[in-house]
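A.B. asks: Here is the input, now give the coordinates:
(2 chains)
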Amino acid sequence: MSSSTASWLRPLVSLFLAACFFLPLYLVLVNVFKPSQDIVAHPAALPVPATTANLQAVLDRPDRLFWYGLVNSVEITAFSVTIVVVLSAMLGHYLARTAGLAAKVTLLILLSGLTIPSAVIISSLTRVLDSFGLMGTIPGIVLADVGYYLPFGVFVFMGFVKTVPVEMEQAAAIDGAGYFRTFWQIVFPLMRPATASVFIFLGVWIWNDFLNPLIILGPDTGTTVTVGVYRAIGEHQTDFGALFAFMFLASLPVLVLFLLFQKSFVKGLTSGATKG
Amino acid sequence: MAARSTPLRHAPPAGPGPAARRARRWPKVSRALLFAAPGLVIYTAFVLVPLITNVANSFTDLNTFRPSTHWVGLANYRALLDDADFHQALHNTVVLTLIVTILPNVAGLGIAMLLDRSGWFTNALRSVFFVPTVLSAVVVSVVWQKILTDDGLFNRALHAVGVGSPPGWLSDPDLALYSIAFIMSWQVLGFCVVVYLAGLQSIPAELHESAVIDGAGALASFRHVTWPLLAPAVTINTVMLMITGFKAYDYIQVITNGGPGSGTTSTIAFSIVQTAFTGNHVGYAAAMATVMFVGIALLSAGALTVLQRREVTL
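C.D. replies: Numbering: from 1, shown residues only, chains lettered A, B, ... in the order given. You can find the predicted model right below:
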């Protein structure tokens, strides 16, 4: 194979593979904007003329499943992510700047939490939440999420604290700033990339979470949009248009987040892949 | 806290008096309280305590609808040894973990090497592969279920090209587990592509050039230059994929609900949730959960040790 063949073959093969890979999502996208009878007849055709009837139907559902789910998802994600960022930045900084056995053991216990699957603790977790009267409540699931995702935040922030020169903190201390002020005014602003990583990853993970909201919120208190998709499956066995529109709307926030912060996404993911 | 702190303030040499000692000690304690305690309290209450009570529950016959609970010793674990359903779930979990660890790893490396050029075209395609990674497993499951179901889009397409009786990708007990493994692999592929691309692009071009000068072909150059230097990326992908495969729950719940038939696609995570919340055998589910936790801890620790040993630094 001559190098000139390879130079046009490579993008062509890449494009073909990417197109095959994307086909399932293409099918969802085009069918969101098609009337249901067209979906069955021509599933792969472009939506010409396009209709927003499916989206409208989801937004106008009499049970308001989408809107209730959206409000819950936004509340749960915003509170959980913000609290994890604040607490894990402080804890990560504390552990990174503290020598000694106690800090090492604490770190080990925290990091072992990185691999605990939700399914392992969910049953006992419901008992703990129940004893605080937090089952079926937004604060309950927020606290559960904060505990569960805290190790990830600590892991990211600790790695980053090491790049902040300790001399800067000492200088601030000499100038009379207390530990609290030193951290929030000097250290935390320097850790913006770490904060961005934690915000983006946890935002996506908590938005997409299924088991925790399914069990902790339960069927009575309402759902998140992600659990809403699951609940919508049963009622839309044949109405693909409405189901796809629900999924499209439920995924839109994370897709927008991804498109806006693509660079930080990739950077956060790959910081460990290129060490050395 | 007996921890020594990095000195943050140049405290004047304090006298030996008890008041001075208290003053020196106080910032250390308050710093721990202010910075470490809030996170640790929440982590303890909502992760560690459930983890520990779960182990305790696994030695009981705790049941949601029975008023009294008794210690049963190792009875739950002994029952697990003879539980055919659990063995099937364990077997399915191992199969899923193996496929999900190998398939996206290999395919992701291939695609990353194909895309390993700079420019907008590569970046655009990389984003295409990455999109499923930010979608929820529930959404991905529904999409593929609608495609792979018996009269779904895929089989209708097969019909159209003349396949008389296409297989029931999700309804055939011998196939469903593999279909789910494929769906999971599709979703995580983009993660592997992005991590491998970053790994490839961190390898200095001079290394490949000198390999070529030394007479190495493409294969030898890959084997002796690319592959060893890609080790950190291999570690990240493999550990991440193993954990993803091992804890599979959402896909099973949404796509097959453990079926077709009895438990043909059930995983450990799925069995735990079913046993605890549908069967209400909380004690028995706790024993399964303990086995799962030990399994995933050993798996990730083992993989990390093996994989990090072959990582080289430039």
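A.B. asks: drop to CA atoms for contacts and neighbour counts, all remaining ones
C.D. replies: Will do.
A.B. asks: in the chain, which ranges drop under the pLDDT threshold?
C.D. replies: The chain I'm using is chain A. A:1-6, A:220-221, A:236-238, A:271-276 (pLDDT under 70).
A.B. asks: wait, I meant chain B there
C.D. replies: B:1-28, B:312-314.
A.B. asks: how is it carved up into domains?
C.D. replies: Structurally, chain B divides into domains by automatic domain parsing as follows: B:1-57, B:76-309.
A.B. asks: Out of the ones you listed, which one sits most buried?
C.D. replies: domain B:76-309 (a mean of 19; mean count of other Cα atoms under 10 Å in any protein chain shown).
A.B. asks: returning to what we had before: okay if I get the domains of chain B as CSV plus distance to chain A?
C.D. replies: CSV is the format used below for the domains of chain B (distance: least, Cα to the nearest Cα, whole Å):
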stretch, distance to chain A
domain B:1-57, 4
domain B:76-309, 4
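A.B. asks: Turn the ones you listed into CSV, including distance to A:D60.
C.D. replies: As requested, these are exported to CSV (distance: least, Cα to Cα, whole Å):
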stretch, distance to A:D60
domain B:1-57, 37
domain B:76-309, 21
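A.B. asks: Looking at these, which is nearest to A:Q56?
C.D. replies: A:Q56 sits nearest to domain B:76-309 of all those, at 19.5 Å, using Cα to Cα.
A.B. asks: just how off-centre is that closest one within its chain?
C.D. replies: Once both centres are worked out by Cα atoms, centre = their mean, to the nearest Å, domain B:76-309 turns out to sit 9 Å from its chain's centre.
A.B. asks: what's the first-to-last distance across that domain?
C.D. replies: End-to-end span of domain B:76-309 (Cα to Cα, to the nearest Å): 38 Å.
A.B. asks: Tell me the secondary structure at B:S171.
C.D. replies: For B:S171, the assignment made with DSSP: H, G, I helix; E, B strand; the rest coil gives coil.
A.B. asks: got the contact list for it?
C.D. replies: B:149-150, B:260 (Cα atoms under 8 Å, 6 or more residues apart in numbering or on different chains).
A.B. asks: Looking at the residues you listed, which is nearest B:A79?
C.D. replies: Looking across the contacts of B:S171 and measuring by Cα to Cα, the closest to B:A79 is B:P260, at 24.8 Å.
A.B. asks: residues in contact with that closest one?
C.D. replies: By Cα under 8 Å, 6+ apart, the neighbours of B:P260 are B:170-173, B:176.
A.B. asks: For those, work out which two are farthest apart.
C.D. replies: B:L170 and B:P173 (7.6 Å).
A.B. asks: ok so B:T238 is a helix residue?
C.D. replies: Yes. Applying three-state DSSP, one finds B:T238 inside a helix.
A.B. asks: any chance of the contacts of B:S171 in a markdown table, plus secondary structure and distance to A:L95?
C.D. replies: Output for the contacts of B:S171, formatted as a markdown table (DSSP: H, G, I helix; E, B strand; the rest coil; distance: Cα to Cα, whole Å):
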| residue | secondary structure | distance to A:L95 |
| --- | --- | --- |
| B:T149 | coil | 51 |
| B:D150 | coil | 54 |
| B:P260 | coil | 49 |
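A.B. asks: Toward the C-terminus, what is the element adjacent to the strand or helix carrying A:F201?
C.D. replies: Assigned by DSSP states H and E, A:F201 belongs to helix A:192-208. Sequence-wise, the next helix or strand downstream of helix A:192-208 (DSSP H and E) is helix A:211-212.
A.B. asks: For that next one, what is the distance to the chain centroid?
C.D. replies: Centroid separation for helix A:211-212 versus its chain: 14 Å, with Cα atoms, centre = their mean.
A.B. asks: now stretch A:97-107
C.D. replies: 29 Å.
A.B. asks: quick one: it near chain B?
C.D. replies: Yes. Stretch A:97-107 lies within reach of chain B by Cα under 8 Å from any Cα of the partner chain, at A:97-103.
A.B. asks: buried residues in stretch A:9-22?
C.D. replies: Using 16 or more other Cα atoms under 10 Å in any protein chain shown as the test for burial, stretch A:9-22 gives A:11, A:14-15, A:18, A:21-22.
A.B. asks: what sits up against stretch A:10-17?
C.D. replies: B:111, B:114-115, B:125.
A.B. asks: again, only this time at 10 Å
C.D. replies: A:6, A:9, A:18-19, A:21-22, B:111-112, B:114-117, B:121-122, B:125-126, B:129 (Cα atoms under 10 Å, 6 or more residues apart in numbering or on different chains).
A.B. asks: Can you list phi and psi of B:T60 for me?
C.D. replies: B:T60 has phi and psi values of phi -130, psi 170 when expressed as degrees, to the nearest 10.
A.B. asks: B:V72 too?
C.D. replies: phi -120, psi 10.
A.B. asks: number of nearby residues for it?
C.D. replies: B:V72 has 14 neighbours, counted by other Cα atoms under 10 Å in any protein chain shown.
A.B. asks: My understanding was that it contacts B:A287; is that so?
C.D. replies: No. Contact between B:V72 and B:A287 fails when scored by Cα atoms under 10 Å: they sit 11.6 Å apart.
A.B. asks: Overlap of the contact sets of the two?
C.D. replies: Joint contacts of B:V72 and B:A287 (Cα under 10 Å, 6+ apart) are B:57-60.
A.B. asks: measure stretch B:164-184 end to end?
C.D. replies: First residue to last in stretch B:164-184 (Cα to Cα) measures 28 Å.
A.B. asks: Now the element after the helix or strand harbouring B:V188, going C-ward?
C.D. replies: Using DSSP H and E, B:V188 maps to helix B:176-201. The helix or strand immediately downstream of helix B:176-201 is helix B:205-213, counting by DSSP H and E.
A.B. asks: Can you show me the CA trace of that next one as CSV?
C.D. replies: Extracted in CSV, the C-alpha atoms of helix B:205-213 (Å, rounded to 0.1, in the frame of the first residue of the first chain):
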residue,chain,number,x,y,z
ALA,B,205,7.7,10.9,17.6
GLU,B,206,11.5,10.6,17.8
LEU,B,207,11.1,7.2,19.4
HIS,B,208,9.2,5.9,16.4
GLU,B,209,11.7,7.5,14.1
SER,B,210,14.7,5.9,15.8
ALA,B,211,12.9,2.6,15.7
VAL,B,212,12.4,2.9,12.0
ILE,B,213,16.1,3.9,11.6
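A.B. asks: Can you list the helices and strands that that helix packs against?
C.D. replies: helix B:218-221 (3 or more Cα pairs under 10 Å, 6 or more residues apart in numbering or on different chains; DSSP states H and E).
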